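Asker: How does the following fold in three dimensions:
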Amino acid sequence: MRKQALNDEILLKIEKPARYIGNELNCVIKDPERVKIRFAMCFPDVYEIGMSHLGMKILYEMFNQREDVWCERVFSPWPDLHRIMKERNIPLFALESQDPAGQSDFIGITLQYEMCYTNILQILDLSQLPLLAKDRTDGMPIVIGGGPCAYNPEPIAAFFDMFYIGEGEVSYDALFDLYLQAEREGWSRREFLVRAASVPGIYVPLLYDVFYKEDGTIEKMVPNTDGVPKKVKKQVVTDFTNSVWPTKPVVPFLKITQDRVVLELMRGCIRGCRFCQAGQIYRPTREKDVEVLKEYASQMLRSTGYDEISLTSLSSSDYSMLEPLVSYLIDNFKDQGVNISLPSLRIDAFSLDVMGKVQDIRKSSLTFAPEAGSQHMRDVINKGLTEEDILHGAGLAFESGWQKVKLYFMLGLPQETEEDMTAIAELANKIAVRYYDIPKEQRNGKCQITISTSFFIPKPFTPFQWARMYRKEEYQRRAAIVNNAVKQQLNRKSMKYNWHETDVSVLEGILARGDRSIAKAILYAYEDGALFDAWSEYYDHDRWERAFEKAGVDPDFYTMRERADDEIFPWDFIDNGVSKEYLLREWKRSLEGIVTKNCRMQCSGCGANQFGGGVCFENQDKV
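Answerer: Alright, predicted model coming up:
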């Protein structure tokens, strides 16, 4: 009989017990006696979020292809179970075996969102491990982090033995082989960490020292051990078409956030929006062959029983073979009741034609992300979108039968004026006017426009990493300006305005841009009860203010100042492939409102062509 980490009495007490029982369709079960490495793949959020994460699915497939590795899944227990596990001393467990995660050789934690940092400590705490890497001893698991937040690992460096920088498909096999050698030859924990630092993409924080200037900025960061590289270079999959893909993903027992088959069309983005971290760290742009995607679609539908396919990438409209792929999927699967989801599309005639074929227009809404209301701000952020483009796309949508539109903007961008803020409401009104210009008999009911604003956060490895942020009161003031402007529009009854929480945005900025000093505050916040900060019902800003005060950290130092051109950032030890010189050049161009052409039109000399292939290789002669 299969063992269960939680007894029936506990399962009956907690919300959604299916999160914890494992044994789902396509999960990988191995004989623990026949594997040499146990890897606990942890997502520091609830099951429904973690099970939707594509990167975790890819690595689960890749690791389990090795006969000597068993990769199992671990998710953050919801607060109800967290309390019980602490009270009864129940260790955090992996879903596949139900064994304690702390008995694994590796605990790998996906770093997807800064607001999940306290959940990292929850995973370590419930795994009954020391929270600080320096306190771990021989025989304890190696704690490794990876994902987009690993591009500034410094705020959480104290909790990790190592980080993987870049795309996981490249260097994990070398790391596992090194670990097996360490086991055979009886290396100490430190000897393994020192040797692992030479594996491409591996960063071991304990092997580096950071020195600060009197003003609190970084003077230098240097290795403290011989043979450790001064810079850690991100790892990039160059043959994207033939890289590992999960054709038999695990199918959950309960509905998750992205409950469908996912096809990754391409990695990277040609657009170069100056606020977008993903658009920089995933360079160069690489496409997957369309015939391979067609085969994957068939295999995954058969192996999962799903009735929806999502075509995903940072900008799906830029996939060169989108039209033949979508036509194939419609022709082959629509009659089987399979829906096609098309996120990240530009609203043009082709996209609308496709969406009209696969969606119920009366129920669905269209999403535009102008990011800024005025042309001035769209040029500053290098959005590459004119008001004419937006209104033309909206007009095509309305003429095709849509009347619900979602508009996404950012507030607090560099150089933003009050005119730029009110322009958000004015643009929404122009879109509504475009709808009511259509003859009444052709309209599909009342126009519904939902305006949402988030607050700009200057992320590492973007041209805006030199920019400042604001205090929550200033963000609230800017949201109020937009709200008042919406109320003054002629078509205000067709509009609804929502804005993001200001407290959370400020904290996210601190965690995204912080250095090693931030770790104490994260630890103190967790000890004070912080958990699931990404969920508004559990977020407590007062708790974080107490943590920063106790840690002696001034949050304004990380948010309220524009950086000097030559400041050393906490993340500068990472070689992202995109040069700091290019990012600074783009920062200067933003101050002048100069638009940089996208990568297909002209290479901007960012440096990512060093990896070869894709759009960079095609256009590197167009600098």
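
Asker: ok now do residue 70, which residues does it touch?
Answerer: Applying Cβ atoms under 8 Å, 6 or more residues apart in numbering to residue 70 gives the contacts 28, 30, 32, 35, 37, 38, 39, 64, 96, 97. Where you see a C-beta, it was placed from the backbone N, CA and C, and this is true even at glycine.

Asker: out of everything not next to it in sequence, what's closest to the second one?
Answerer: When you say that, I think you mean residue 30. Counting by Cβ to Cβ, 6 or more residues apart in numbering, residue 70 is the residue found nearest to residue 30 once chain neighbours are left out, at 4.4 Å.

Asker: Quick check: which element contains the one you found?
Answerer: Taking DSSP states H and E as the criterion, residue 70 maps to strand 69-75.

Asker: Can I get that strand as PDB, trimmed to CA atoms?
Answerer: Output of strand 69-75 as PDB, limited to C-alpha atoms (Å, rounded to 0.1, in the frame of the first residue of the first chain):
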ATOM      1  CA  VAL A  69      18.000  10.800 -10.800                       C
ATOM      2  CA  TRP A  70      14.600  11.000  -9.200                       C
ATOM      3  CA  CYS A  71      13.000  14.400  -9.400                       C
ATOM      4  CA  GLU A  72      10.000  14.900  -7.200                       C
ATOM      5  CA  ARG A  73       7.700  17.900  -6.700                       C
ATOM      6  CA  VAL A  74       7.300  20.000  -3.500                       C
ATOM      7  CA  PHE A  75       5.000  23.000  -3.100                       C
END
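
Asker: can you give me the helices in the stretch 151-300 of the chain?
Answerer: Listed in chain order, the helices of the stretch 151-300 of the chain (DSSP state H, counting those that start in this stretch) span 172-185, 189-196, 278-281, 290-304.

Asker: Deepest in the core, which of the ones you listed is it.
Answerer: Ranked by mean neighbour count under mean count of other Cβ atoms under 10 Å, the helices of the stretch 151-300 of the chain are led by helix 278-281, which reaches a mean of 22.

Asker: packing partners for it?
Answerer: Applying 3 or more Cβ pairs under 8 Å, 6 or more residues apart in numbering; DSSP states H and E, one finds that helix 278-281 contacts no other helix or strand.

Asker: any idea how far residue 308 lies from residue 325?
Answerer: 16 Å (Cβ to Cβ, to the nearest Å).

Asker: If you could redo that for residue 349, that was the one I meant.
Answerer: Distance from residue 349 to residue 325, by Cβ to Cβ: 17 Å.

Asker: out of these two, which sits in the busier spot?
Answerer: Using other Cβ atoms under 10 Å as the criterion, residue 349 and residue 325 rank with residue 325 on top: 22 against 11.

Asker: Mind telling me what element that one is part of?
Answerer: Going by DSSP H and E, residue 325 is in helix 322-333.

Asker: Out of the helices of the stretch 151-300 of the chain, which gets nearest to residue 389?
Answerer: Ranking those by proximity to residue 389 (Cβ to Cβ) places helix 278-281 first, at 18.6 Å.

Asker: Need the contact partners of that closest one.
Answerer: By Cβ under 8 Å, 6+ apart, helix 278-281 touches 148, 151, 234, 268-269, 271-273, 314, 461-462, 576, 578, 583, 606.

Asker: so which of those is the most crowded?
Answerer: Busiest of the contacts of helix 278-281 [other Cβ under 10 Å] is residue 268, holding 27 neighbours.

Asker: Name the nearest residue to that residue, sequence neighbours excluded.
Answerer: Closest to residue 268 by Cβ to Cβ, 6+ apart is residue 285, at 3.6 Å.

Asker: Any figure for the gap between the residue lying closest to residue 116 once chain neighbours are set aside and residue 207?
Answerer: Of all residues not flanking residue 116 in the chain, residue 44 sits nearest, at 4.4 Å (Cβ to Cβ, 6+ apart). Residue 44 sits at a distance of 24 Å from residue 207 (criterion: Cβ to Cβ).

Asker: Out of those two, name the residue with the larger neighbour count.
Answerer: residue 44 (27 against 19).

Asker: tell me which element residue 340 is part of?
Answerer: Per DSSP H and E: strand 339-341 holds residue 340.

Asker: Report the strands that pair with that strand, each with its relative direction.
Answerer: strand 308-312 (parallel) (DSSP bridges).

Asker: Pull out the buried positions in stretch 79-99.
Answerer: Within stretch 79-99, the residues scored as buried using 16 or more other Cβ atoms under 10 Å are 79, 81-82, 84-85, 90, 92-99.

Asker: now stretch 382-400
Answerer: 382-385, 387, 389-390, 393-398, 400.

Asker: Of the residues you listed, which is the nearest to residue 255?
Answerer: Using Cβ to Cβ, residue 397 comes nearest to residue 255 of the buried residues of stretch 382-400, at 28.6 Å.

Asker: Which element, helix or strand, includes that closest one?
Answerer: helix 387-399.

Asker: what residue lies at the spatial centre of this structure?
Answerer: residue 112 (4.5 Å; Cα atoms, centre = their mean).

Asker: what sits against it?
Answerer: 43, 45, 53, 55, 147, 148, 149.

Asker: pretty sure the fourth one belongs to a strand, no?
Answerer: This points to residue 55. No: assignment of residue 55 by DSSP: H, G, I helix; E, B strand; the rest coil gives helix, placing it outside any strand.

Asker: can you start the count at 385 instead of 1 from here on
Answerer: Happy to do that; since the first residue is 385 now, the last one works out to residue 439.

Asker: Contacts only, for it.
Answerer: By Cβ under 8 Å, 6+ apart, the neighbours of residue 439 are 494, 496, 531, 552.
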